[in-house]
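# need a structure here:
(one chain, ligands or ions: 1)
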Amino acid sequence: MTVTSPPFDVVIVGGGFAGISVAARLRRVRPQLTIAVIEPSQRHFYQPAWTLVGGGAYPIQKTCRSEEALIPSDCTWIRARCVGFEPAQQQVSLEDSNSVRYRILVVAAGLQCNWQQVEGLSETLGKNNVSSNYAYEYAPYTWECLQQYRGGQAVFTQPPAPFKCAGAPQKILYLAADHWRQAGISAELDFYNAASAMFSVPFYSQALDAIMTQYGARAHTGHNLVAVEGATKTAWFALQTPAGPARKSVKFDFLHVVPPQGPPEFIRQSALGDAAGWVSVDKHTLQHLAHENIFALGDCCSAPTSKTAAAVKNQVPVLVENLLCVLDDRPLAGRYDGYASCPLVTSRGKVMLAEFCYDGLVTPSFPLDPRVPRRVNWALKKYFLPRLYWNVILRGYSWPDLHKPRVFPERLPVVPP
Ligand code: FAD
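As a prediction, the model looks like this:
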């Protein structure tokens, strides 16, 4: 085993949106720090556009860039998989049995999609009209299926929370429904949702119920996809009935699956994880609850907010500020309020921009009723947010933050999708 010596000032595990953004921002505010990014993949993905890819509104190629082009050139890229943490020795271990030492550790390893938890799914994904926008390989197949569909049962699933982007499972239903409506194809639309509502924030959930109704889509709550038989085009759901747990089979002509998701296995098995396996951090400071020189952000951390790139955007400056406070031996000054945002694509051309903070506090950036799907938000989702991601946040620049609590009439406005 080789141990790097001397230690890096900062070691970042994961070169996704969170990891690279932290590295780039640290580079700008404290250029003299030695920084290592541990990332095994050569490719970096802009995942938020995969919904649009599945809806035929975005080229898949534009969602992938090389890690090499994104990791700041004066940071050390360690192209390896991290397999464990040794906080007492201030080092992390790699799969090649080497270890890397740090003064401060940032864990930003994302989450893992547990495809194998749905029996038969891996065997049929990408064929038999079974697709998922949750993988670079399959999002284009969703659009192929939507184009080939000539009617019949279209089934969309949502797994138990947490999973990336709380709105993505239903966004593809709206894009499909809109596409088929425009093409004059009559579709039977069913949304099988493991949760009890369309969205965790009731303010937005009510508006989404109205969108579903306008598409004639049926929402089934408490249904968790557990198996798929591609050959017979049958999906199996686990549910609770008054008589106890039950299984229900549903025939489909098209099936869009969102896989169950959870913390990366190496974090779940480590001493850094909470009971569920997420890196256990203070939800406001993003500092580890047991180790003051360890921070985490993004999908892998325990902060109880929606796992989105929007959340990462607001976590990065807080984490960097607090990390510098630890290095400088000052009290932590940065505070994350749980901000997350979900651009709920309600048709090809309109988006309901759901913005919220911890405890479901509605905090839009603009003083317009956010429940109304708007064309301007489509332009934001398709053109502005990718640029903000690649050119601003990933490069370590800051962006003005306009969100704040705002009050709107309780009565639901008209929400044509
Ligand atoms: P990631 O960007 O996933 O990066 C994690 C990195 O860690 C990866 O590079 C991975 O290779 C690396 N890694 C993993 N294991 C290890 C290891 N053992 N050692 C070292 N490195 C490791 N967000 C929005 O804000 N708006 C949206 O509309 C939206 N829509 C979405 C739609 C879909 C279909 C999907 C899949 C996601 C969507 N998201 C959206 C969510 C958003 O993409 C994620 O929340 C965001 O990418 C999280 O960033 P992250 O850095 O935590 O994780």
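
# excluding covalently adjacent residues, which one is nearest to the residue of the stretch 51-200 of the chain found nearest the ligand?
In the stretch 51-200 of the chain, the residue that lies nearest the ligand is Gly110 (2.8 Å; CB to the nearest ligand atom). Where C-beta positions appear, they are placed from N, C-alpha and C, glycine not excepted. Spatial nearest neighbour of Gly110, excluding adjacent residues (CB to CB, 6 or more residues apart in numbering): Asp299 at 4.6 Å.

# sec struct for that neighbour, please.
Using DSSP: H, G, I helix; E, B strand; the rest coil, the structure places Asp299 in helix.

# could you list the low-confidence segments of the protein?
Within the chain, the segments meeting pLDDT under 70 span 1-5.

# output the set of residues of it in proximity to the ligand.
13-19, 38-41, 47-48, 50-51, 81-82, 108-110, 133-134, 164-165, 168, 264, 266, 298-300, 307-310, 312, 343 (CB under 6 Å from any ligand atom).

# can you pull up the most central residue in the protein?
Residue closest to the average C-alpha location in the chain (CA atoms, centre = their mean): Lys164, at 2.9 Å.

# list the beta-bridge partners for that residue.
Applying DSSP bridges to Lys164 gives these bridge partners: Lys307.

# what is the neighbour count of the closest residue to the ligand within the stretch 1-150 of the chain?
Here the stretch 1-150 of the chain gets closest to the ligand at one residue, Gly16, 1.7 Å apart by CB to the nearest ligand atom. Counted with other CB atoms under 10 Å, the neighbours of Gly16 add up to 23.

# and the one 10 residues further on, by the same measure?
Counted with other CB under 10 Å, the neighbours of Leu26 add up to 25.

# I'd like to know how far it sits from Gln315.
Going from Leu26 to Gln315 by CB to CB, to the nearest Å gives 14 Å.

# picking up where we left off before, ok, the residue nearest to the centre of the chain - contacts?
Lys164 makes contact with Gln47, Leu111, Tyr134, Gln261, Asp299, Lys307, Thr308, according to CB atoms under 8 Å, 6 or more residues apart in numbering.

# ok, now Met352?
204, 207-208, 211, 343-344, 346, 370-374, 377, 415 are the contacts of Met352 under CB under 8 Å, 6+ apart.

# weed out the non-buried ones from these.
Among the contacts of Met352, those classed as buried by 16 or more other CB atoms under 10 Å are 204, 207-208, 211, 343-344, 346, 370-374, 377, 415.

# out of those, which is nearest to the ligand?
Pro343 (5.1 Å).

# which strands and helices sit next to the one helix or strand the closest one maps to?
Secondary structure assignment for Pro343, by DSSP states H and E: strand 340-347. Under the contact criterion of 3 or more CB pairs under 8 Å, 6 or more residues apart in numbering; DSSP states H and E, strand 340-347 touches helix 168-182, helix 202-215, helix 309-327, strand 350-356.

# try it again with 7 Å
Packing partners of strand 340-347 (3 or more CB pairs under 7 Å, 6 or more residues apart in numbering; DSSP states H and E): helix 168-182, helix 309-327, strand 350-356.

# packed most tightly, which of these would that be?
Among the helices and strands packed on strand 340-347, strand 350-356 has the highest mean neighbour count (mean count of other CB atoms under 10 Å), at a mean of 25.

# next secondary structure after it?
Next element after strand 350-356 (DSSP H and E): helix 375-379.

# now that next one, how far from the chain's geometric center?
Here helix 375-379 is found 21 Å from its chain centre; the criterion is CA atoms, centre = their mean, to the nearest Å.

# on contacts alone, who are the packing partners of that helix?
The contact analysis (3+ CB pairs under 7 Å, 6+ apart) places helix 375-379 against strand 350-356.

# the same query, at a cut-off of 10 Å, please.
Where contact means 3 or more CB pairs under 10 Å, 6 or more residues apart in numbering; DSSP states H and E, helix 375-379 is packed against strand 340-347, strand 350-356.

# now do the shortest one and helix 202-215, the angle between them.
Relative orientation of strand 350-356 with respect to helix 202-215: 160 degrees, computed using axes from the mean of the first three to the mean of the last three CA atoms, to 10 degrees.

# what sits closest to the residue of the stretch 1-150 of the chain closest to the ligand if chain neighbours are left out?
Gly16 sits nearest to Gly110 (CB to CB, 6+ apart), 5.1 Å away.

# surely the one you found touches Ile20?
No. Distance between Gly110 and Ile20: 11.9 Å, which falls outside the contact criterion (CB atoms under 10 Å).

# now do the shared contacts for those two.
Gly14 (CB atoms under 10 Å, 6 or more residues apart in numbering).
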